[in-house]
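Chemist: I would like to see how this sequence folds:
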Amino acid sequence: MNQMPSRQYVSLLTAQEVSTKLAIPLPKLYELAATGRIPAVRLGHNWRFPRRLLEAWRKAKAPGARTHPGQAALPLIILIV
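Modeler: Numbering: from 1, shown residues only. The predicted model follows:
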């Protein structure tokens, strides 16, 4: 019997939603996304922000968050089928 792989859906936020939630002006948010300094994926002409990765990024950037020198950025792997 073949077993179908489980699907996990990624909740994506729009740039406007992230801008409002994090109080970051849209131009600055686009700059952060384009330079890879915030978890984001480009879908056509639009930027989308994976909710779970964004929450983890925000916690890592919070005052008092522990980071290690040379620590890699959060990995972002999105498969669009």
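
Chemist: which stretches in the protein count as strands?
Modeler: Ranges of strands in the chain, per DSSP state E, are 12-14, 41-43, 46-50.

Chemist: helices and strands of the protein: which one bottoms out on pLDDT?
Modeler: Across the helices and strands of the chain, mean confidence by mean pLDDT, DSSP states H and E is lowest for helix 51-61: a mean of 90.

Chemist: what's that one packed up against?
Modeler: If contacts are counted by 3 or more C-beta pairs under 8 Å, 6 or more residues apart in numbering; DSSP states H and E, helix 51-61 sits against strand 12-14. In this view, the C-beta of every residue, glycine as well, is placed from N, C-alpha and C.

Chemist: which positions in the strand it packs on come out as buried?
Modeler: Leu12, Leu13 (16 or more other C-beta atoms under 10 Å).

Chemist: okay, now the sheet partners of that strand, with direction.
Modeler: strand 46-50 (antiparallel) (DSSP bridges).

Chemist: taking the centroid of the chain, which residue is nearest it?
Modeler: Pro39 (2.8 Å; C-alpha atoms, centre = their mean).

Chemist: ok, how many other residues are close to the closest residue to it other than its chain neighbours?
Modeler: Nearest non-adjacent residue to Pro39, counting by C-beta to C-beta, 6 or more residues apart in numbering: Leu53, 3.8 Å away. As a burial measure, Leu53 scores 20 neighbours (other C-beta atoms under 10 Å).

Chemist: same question, Leu26
Modeler: 13.

Chemist: thought it was touching Ser19?
Modeler: Yes. With contacts counted by C-beta atoms under 8 Å, Leu26 reaches Ser19, the gap being 5.0 Å.
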